[in-house]
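# Need the 3D shape of this:
(chains A and B)
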There are 2 protein chains.
Amino acid sequence: MSGVQGYNPRTGEPVGEPVPETSDREVDAVARAGEAAFPAWSAMPTAERAAVLDAVADALDASAEALVELAEAETALGVPRLTTELKRTTNQLRLFGDVLREGSYVEAALDSANPDIIPPRPVLRRMLRPLGTVGVFAASNFPFAFSVAGGDTASALAAGCPVVVKAHPSHPGTSRETARIVASVVPAGVFGIVHGQQAGVALVKHPSIKAVGFTGSTAGGRALFDIASGRPDPIPFYGELGSVNPTVVLPGVATARPEGIAAEFVGSLTLGVGQFCTNPGLLFAPKSLVPALADAVSSAVGGPMLNERMSDAYRSGTEGLGASGLVELVAEGTAPSEGWSVEPKLYEVPLAAFAENLEKLTEEHFGPAAVVVTYDDPAELEPVLPRLPGTLTGTVHAAEAEHDVAGRVSEALRPVVGRLIFNGWPTGVAVAWGMHHGGPWPATTNPLHTSVGSTSIRRWLAPVTYQSWPDDLLPPELRDDNPLGIPRRVDGVLGVH
Amino acid sequence: MSGVQGYNPRTGEPVGEPVPETSDREVDAVARAGEAAFPAWSAMPTAERAAVLDAVADALDASAEALVELAEAETALGVPRLTTELKRTTNQLRLFGDVLREGSYVEAALDSANPDIIPPRPVLRRMLRPLGTVGVFAASNFPFAFSVAGGDTASALAAGCPVVVKAHPSHPGTSRETARIVASVVPAGVFGIVHGQQAGVALVKHPSIKAVGFTGSTAGGRALFDIASGRPDPIPFYGELGSVNPTVVLPGVATARPEGIAAEFVGSLTLGVGQFCTNPGLLFAPKSLVPALADAVSSAVGGPMLNERMSDAYRSGTEGLGASGLVELVAEGTAPSEGWSVEPKLYEVPLAAFAENLEKLTEEHFGPAAVVVTYDDPAELEPVLPRLPGTLTGTVHAAEAEHDVAGRVSEALRPVVGRLIFNGWPTGVAVAWGMHHGGPWPATTNPLHTSVGSTSIRRWLAPVTYQSWPDDLLPPELRDDNPLGIPRRVDGVLGVH
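Numbers count the residues shown, from 1 in each chain, chains lettered A, B, ... in the order given. I've put the predicted structure just below:
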């Protein structure tokens, strides 16, 4: 029987025993178990479901040391980062508990009757209800926060949806242990896990699966999106795919503190060996900033990437870019000689040449590589920025006196961007009501939704309206006396009533 | 040059001159005009955009007599119905104006910074912004309310999206005249119209089109959904497709007032010659109710359907059903001999046989035909109802003493239903905050959204987050002092602040 083998990126050596691939029959059983668990899980009072999320968080925190050790062996991301990432993951579960307790996530709306308008209105009461069992594809680069118990899983469980996770092959042992802990806390059938590429395909096709969340490459996400959309009954597919994260440094900042901005840029570029969806891979800067950027990249040290395929893709992708004749390699950092290590790289191209070859030069090279596009006048950026492919973030660095031009540049960026950042860096994604981690294709497969933050729960919920319905048969969220005390829209007016 | 010819359904004779089909080059020009108009239209202050919607409504109302006359000639739906439908359409435009003025539709969320949590939180401000130019496919059966200036158009314009309508071939003259009026009121490029099937396909494929709304058949909607999902950059496609609208009559009601319930049922079934997406095509009732139902259907009078294809499809579909051996024809009404008229029909099948042939017996036969499924004990319905295909509505008729069983039956219906109706009928869709006109596939292509009511605007909006953004560069909805006075979520709490 074939299995999914974890490896130590520092050595390329196997870690632990292979985890068996899940057969189609086993996928079927796990998905059906989710479907069977759905009625009870979705009907559980929200306060109780919130308590289960808290309990999952507590159980993961209690096993933090062992989980981090497993993840470090399989990912080489480092104990401090992994410890923080696990805490982020458990805080995220608790945040969704708070979202449930607050209660406005169901978007309850109550309308009184009005027989005198056209068309006449009966008594209407509307709220969001969970969709059904959800498939979640874990990411390579966040073994906790975007994996087995990560954002997609937490938001779907919170919504009242059972979850079946497709584990990422870069951390099968971490995934199996995390899954064991989650499954030990939630009711039977509410959580399951499958391993292996074929199992992932079977999951997306399975009639018991009603929606899918995915974080990964554009090619992989597109293939699964096509399967989900091609089903006899198409299902929502929320994929977070590629992103080049353009960052614009305006002249005032480039002049005032070139070394500072260069150091911050390289810090963001090389964080986690550049393995972030928000990695700043495209920098627009005055030519004068290039020496400082080159110095900073030259001094930067890379590290091992998560797996051999990603390391190879980074090398061949950046070498192809360098050999394309479209850009110039201006700096290269160093890397430890161990395992799947790669070096940071910086390429340069003038704006006019970039604009001519925009499609080729905005391909994502996952890892610590960036292209700096040099410009003379920020006004030249305005027609170019809206042509960028959809991206998770767009950043503008501006001095106090440059707000006007910053406003024009950011308006040019906004249509292609999910999150706009001022005088900061795109890596680091807060988990909050105000977060949007999404964007137009190819940043995601669906621009309406976020995969991070409180509103990511909306992906797993669909409305239902009760018309002329007796109060004793309504869900508590819609009853006259508002027993849960949640914010609702009554005759169009939002409030706790 | 080929054209789209309107016909009088009462006679089958042409009405007016054919409207020219739109060439691919013309489609391109209209879609690009939308894209060019997008920045100004989307940036227009919401109060001004609301005033434009009001002006469109006023202009349509001012031309009501001529529009209704045109539509009556092309659809034979009757002057009273068409007059009401146009009023519904203009009220809908005004309702969206109110939605804009209220302002919570942008879902503004403001989070303060918290550097002490994991992950740390910078200042975040999030709101919804319009997606871009929208394609709208008009429906056959609502020449006003779901057509050129109907719900999809009104909600997209309100969102700040330019609209290009693909007119329905059953009412080309009405469509052209409505489009002329709308275009005379909105800024240039914000509204356009195309005619012909090939133009519709070109519209869905056009890179300037960022989302599509559709109301029509499952086959047509599926084909266009596949095109939208198969684009190099897939776009959201909101299709409202087929629906059988199951209605359950519990024994207490069937016993108490058999003639009353039968008369109401047939009234809903034959309204508009059964040409409603909410037509009650599937009735679950005790066997004892069948004679009253049969009497009512026998006395019912049909009428002309909207076009020859639909009339033919109704005849061949219901004849095929009758010849299938799966059901028994228990009643047939009459029809005027004119044009494309069809007769109401009622078929009967026992629950056990229905459950065995569920897929075949839940195909929609657009028009005034229904299948009554007879049962002995309502408990037998509970395992069958969740197997129904996704549907816009589900209705339960229950006596005061039957609330318990009504609750169980409606919970069995809920997972496949968008709107649950108590002691009413599914035809008649109010336009309100509390409305949901949607449901799981094949009722719609996306179960998260509604095509009717205030929240239908959400389909055309995508979030953007501003991180650490200076107040003077923020949209008014997100500024510190809340200059528009709209409801917002500040540090997680909803209110006008």
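# what stretches of the stretch 151-300 of chain A score poorly on pLDDT?
In the predicted model of the stretch 151-300 of chain A, no residue satisfies pLDDT under 70.
# and the lengthiest helix in chain A, what's its mean pLDDT?
Secondary structure of chain A per DSSP state H: the longest helix is helix A:79-102. Averaged across helix A:79-102, pLDDT comes to 98.
# can you tell me if it touches chain B.
Yes - residues of helix A:79-102 are located near chain B by C-beta under 8 Å from any C-beta of the partner chain, namely A:84, A:87-88, A:91, A:98, A:102. The C-beta positions use only the backbone N, C-alpha and C, and glycine is treated the same way.
# Can you verify residue A:331 is assigned to a helix?
No - counting by DSSP: H, G, I helix; E, B strand; the rest coil, residue A:331 is not found in a helix; it is strand.
# Which residues are in contact with it?
A:293-298, A:344-346 (C-beta atoms under 8 Å, 6 or more residues apart in numbering or on different chains).
# Beta-bridge partners for it, please?
residue A:346 (DSSP bridges).
# Which residues of the stretch 201-350 of chain A lie near chain B?
Checking the stretch 201-350 of chain A against chain B by C-beta under 8 Å from any C-beta, the hits are A:225-226, A:229-230, A:233-236.
# Just the buried ones from those?
Buried members of those, scored by 16 or more other C-beta atoms under 10 Å in any protein chain shown, are A:225, A:229, A:234-236.
# closest to chain B among those residues?
Closest to chain B out of these is residue A:229 (4.0 Å), distances taken as C-beta to the nearest C-beta.
# In this structure residue A:214 contacts residue A:237, no?
Yes - using C-beta atoms under 8 Å, residue A:214 is in contact with residue A:237, at 6.9 Å.
# residues in contact with the residue in the stretch 301-450 of chain A that chain B sits nearest to?
Proximity of the stretch 301-450 of chain A to chain B (C-beta to the nearest C-beta) peaks at residue A:434, 3.2 Å away. Contact analysis of residue A:434 by C-beta under 8 Å, 6+ apart lists A:453, B:109-111, B:124-126, B:465.
# Kindly recompute the last result at 6 Å.
Applying C-beta atoms under 6 Å, 6 or more residues apart in numbering or on different chains to residue A:434 gives the contacts B:109, B:111, B:124-126.
# What about the residues you listed, which one has the most neighbours?
Highest neighbour count within the contacts of residue A:434, by other C-beta atoms under 10 Å in any protein chain shown: residue B:126, with 29 neighbours.
# The residue nearest to residue A:114 when sequence neighbours are not counted: how many residues sit nearby?
Closest residue to residue A:114 apart from its sequence neighbours, by C-beta to C-beta, 6 or more residues apart in numbering or on different chains: residue A:121 at 4.5 Å. Counted with other C-beta under 10 Å, residues neighbouring residue A:121 total 20.
# how about residue A:121, phi and psi?
Main-chain torsions, residue A:121, degrees, to the nearest 10: phi -120, psi 120.
# Can you verify my assumption that it contacts residue B:433?
No - here residue A:121 lies out of contact with residue B:433, judged by C-beta atoms under 6 Å, at a distance of 10.1 Å.
# that's a helix at residue A:239, yeah?
No - counting by three-state DSSP, residue A:239 is located in no helix; its state is strand.
# and it, what does it touch?
A:214, A:221, A:225, A:445.
# okay, which residue is most central for chain A?
residue A:451 (4.8 Å; C-alpha atoms, centre = their mean).
# mind checking the SS state of that residue?
coil.
# Excluding covalently adjacent residues, which one is nearest to it?
In space, residue A:451 is closest to residue A:240, 4.9 Å off (C-beta to C-beta, 6+ apart).
# Give me the neighbour count for the one you found.
30.
# Please name the bridge partners of it.
residue A:215, residue A:444.
# Put the alpha carbons of stretch A:139-149 into CSV.
Extracted as CSV, the C-alpha positions of stretch A:139-149 are listed here (Å, rounded to 0.1, in the frame of the first residue of the first chain):
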residue,chain,number,x,y,z
ALA,A,139,-1.7,24.4,2.7
SER,A,140,1.9,23.5,2.6
ASN,A,141,3.3,26.7,4.2
PHE,A,142,1.2,26.9,7.4
PRO,A,143,1.1,23.4,9.0
PHE,A,144,-1.2,24.7,11.6
ALA,A,145,-3.0,28.0,10.7
PHE,A,146,-4.0,27.1,7.2
SER,A,147,-4.1,23.3,7.6
VAL,A,148,-6.0,20.6,9.6
ALA,A,149,-7.4,22.9,12.3
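# So what touches that stretch?
Under C-beta under 6 Å, 6+ apart, the answer for stretch A:139-149 is A:71, A:75, A:85-86, A:88-89, A:138, A:165, A:168, A:170-171, A:174-175, A:178-179, A:182, A:215-216, A:275, A:306.
# Among those residues, which are located in helices?
A:71, A:75, A:85-86, A:88-89, A:174-175, A:178-179, A:182.
# What strand or helix carries the residue of chain A positioned farthest from its centre?
What lies farthest from the middle of chain A is residue A:116; by C-alpha atoms, centre = their mean that is 47.6 Å. Under DSSP states H and E, no helix or strand contains residue A:116.
# So what pairs up with the closest residue to chain B within the stretch 1-150 of chain A in the strands?
Nearest residue of the stretch 1-150 of chain A to chain B: residue A:124, at 3.2 Å (C-beta to the nearest C-beta). Legend: beta-bridge partners of residue A:124 under DSSP bridges are residue A:111, residue A:467.
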